[in-house]
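Undergrad: coords please:
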Amino acid sequence: MVSETAIWSYLEEVPDPEVPVLSVIDLGIVRAVKVISDTEVEVTITPTYSGCPAMNYIEKNIREVLIEKGMKTVRFHTALSPAWTTDWMSEAGKKKLLAYGIAPPVNEADKLTLFGESPVVKCPQCGSENTKMLSQFGSTACKALYQCNDCLEPFDYFKCLR
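TA: Numbering: from 1, shown residues only. Next comes the predicted model:
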């Protein structure tokens, strides 16, 4: 019988469609796996946002990888509570984001909505903290658009959600 550990390792191969450098495991959206039989598995996932348009595509990709690995039936359970948080991202995933040119979450609540100021975010190009938010919304709903005041490069910041 296939082990849960094996299923978790197979899921490391499933990229996030919006940030392909991350796996669904790096992103922290896979909450649980349950092996039902030699050919059947249930995967519990939590979207980064309710109604995230990528979730159907993610399910399709997970199903394809697990069927390729010998599963005949792949069921999904979507857990909306507790809500996904950037705390669930792996440290390896945050490093992959940075190497890809996206500033990872800074592990502080997004002050913009609370106090009208944006968090201090390091530029993924030069490492400067002399950056400014250009828009609270970046290339996807989970990112904000920033610019470095030193190297002048624009970059996405993966917003901290809690």
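Undergrad: which elements pack onto the longest helix along the chain?
TA: Across the chain, the longest stretch assigned as helix under DSSP state H is helix 55-68. The contact analysis (3 or more C-beta pairs under 8 Å, 6 or more residues apart in numbering; DSSP states H and E) places helix 55-68 against helix 4-11, helix 24-27, strand 40-45, strand 73-78. (C-beta placed from N, C-alpha, C; glycine too.)
Undergrad: who wins for proximity to Cys126 among these?
TA: helix 24-27 (24.3 Å; C-beta to C-beta).
Undergrad: what's the first helix or strand after the closest one?
TA: strand 30-37 (DSSP states H and E).
Undergrad: mind putting the helices and strands packed on helix 55-68 in CSV, distance to Tyr157 included?
TA: Converted to CSV, those look like this (distance: least, C-beta to C-beta, whole Å):
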stretch, distance to Tyr157
helix 4-11, 26
helix 24-27, 16
strand 40-45, 24
strand 73-78, 27
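Undergrad: which stretch among the ones you listed comes nearest Cys151?
TA: Nearest to Cys151, of the helices and strands packed on helix 55-68 and by C-beta to C-beta, is helix 24-27 at 26.5 Å.
Undergrad: so what does the closest one touch, helix or strand wise?
TA: By 3+ C-beta pairs under 8 Å, 6+ apart, helix 24-27 packs against helix 4-11, helix 55-68, helix 91-100.
Undergrad: which residues does Lys122 contact?
TA: Going by C-beta atoms under 8 Å, 6 or more residues apart in numbering, Lys122 touches Ala103, Ser128, Glu129, Thr131.
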